[in-house]
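Trainee: my questions concern the predicted model and sequence given below.
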Amino acid sequence: MEKRVRKTPQSIRARSFVRSKEGASAVEFALVATPFLALLVAIIQTIIVFFAQRVLDQVVSDASRTIQTGQAQTSGLTQAQFKSWVCQKTVILFSCGNFMVNVQNYDAFGSASMTTPTLTFDSSGNVTNSWNYQFGNPGDVVVVQVMYQWPLVLGPLGFTLANLSNGNRLLVSSNVFKREPG
């Protein structure tokens, strides 16, 4: 004798749910959309960081020209004024308070240090380094470094461009030149 399974309304709904293909597109979209959006956010963040670095490079190149030609020395341009000048040229992308300027002079190109300074932070996350601002004399080799802490949004799926312990990216633009004779 064959045992018949009685079909209840719940078992009928369960079978029709399993066989249904109406929600398949929504599930497939959810599976594909998450990595796609994560990739899109990572690409946009990378583009913005590279664009900001390029703008900083151009502004530092222009600002260094005032030191190279001796205009900064004759006008008595202070470190704060130099930072302000750089900030005015990058006002759309950058916050003026985050710029750090380091200007050092050397006797020859071989002795010039191009290493990026290591930043030290206090307990509040503020940079505690003190920076040089020495133009040197005509004929000296001058290294101008402008640094900026670029705030980052934590990327999806663990993607990050941060290179500082506080989660920011340090953008550094350097310019090395020999000062023109006076």
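Mentor: Right, received. Where do you want to start? Residues are numbered from 1 along each chain as shown.
Trainee: from now on I want contacts and neighbour counts done on CA atoms only, so please keep to that.
Mentor: Will do.
Trainee: for the host helix or strand of Val41, packing partners?
Mentor: Using DSSP states H and E, Val41 maps to helix 24-68. With contacts defined as 3 or more CA pairs under 8 Å, 6 or more residues apart in numbering; DSSP states H and E, the packing partners of helix 24-68 are helix 79-89, strand 141-150, strand 169-178.
Trainee: how about the first one: buried residues?
Mentor: Spelled out, it's helix 79-89. Gln79, Phe82, Lys83, Ser84, Trp85, Val86, Cys87, Lys89 (16 or more other CA atoms under 10 Å).
Trainee: ok, back up a step: could you point out which element follows the helix holding Val41?
Mentor: helix 71-75.
Trainee: quick one: that next one to chain centroid distance?
Mentor: 31 Å (CA atoms, centre = their mean, to the nearest Å).
Trainee: buried ones in that helix?
Mentor: Buried residues in helix 71-75 (16+ other CA under 10 Å): Ala72, Gln73.
Trainee: again, but for stretch 61-68
Mentor: In stretch 61-68, counting by 16+ other CA under 10 Å, buried: Ser61, Ala63, Ser64, Thr66, Ile67, Gln68.
Trainee: any idea of the mean pLDDT for that stretch?
Mentor: Per-region confidence: stretch 61-68 scores 93 on mean pLDDT.
Trainee: nearest to Phe36, of the helices and strands packed on helix 24-68?
Mentor: Across the helices and strands packed on helix 24-68, Phe36 has its closest neighbour in strand 169-178 (24.1 Å, CA to CA).
Trainee: using PDB, write out every CA atom in stretch 136-145.
Mentor: What follows is stretch 136-145 as a C-alpha-only set of coordinates in PDB (Å, rounded to 0.1, in the frame of the first residue of the first chain):
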ATOM      1  CA  GLY A 136      70.900  79.300   1.700                       C
ATOM      2  CA  ASN A 137      73.000  81.500  -0.400                       C
ATOM      3  CA  PRO A 138      73.300  82.000  -4.200                       C
ATOM      4  CA  GLY A 139      74.800  78.900  -5.700                       C
ATOM      5  CA  ASP A 140      73.600  76.600  -2.900                       C
ATOM      6  CA  VAL A 141      71.500  73.600  -3.600                       C
ATOM      7  CA  VAL A 142      68.000  73.900  -2.100                       C
ATOM      8  CA  VAL A 143      65.500  71.200  -1.400                       C
ATOM      9  CA  VAL A 144      61.900  72.300  -1.000                       C
ATOM     10  CA  GLN A 145      59.500  69.800   0.400                       C
END
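Trainee: which one of the buried residues of stretch 61-68 sits closest to Asn163?
Mentor: Ser61 (23.5 Å).
Trainee: how about the contacts made by that closest one?
Mentor: The contact partners of Ser61, taken as CA atoms under 8 Å, 6 or more residues apart in numbering, are Asn175.
Trainee: hmm, back to that, could you dump the buried residues of stretch 61-68 into CSV and include distance to Leu152?
Mentor: Formatted as CSV, the buried residues of stretch 61-68 follow (distance: CA to CA, whole Å):
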residue, distance to Leu152
Ser61, 25
Ala63, 26
Ser64, 28
Thr66, 32
Ile67, 32
Gln68, 34
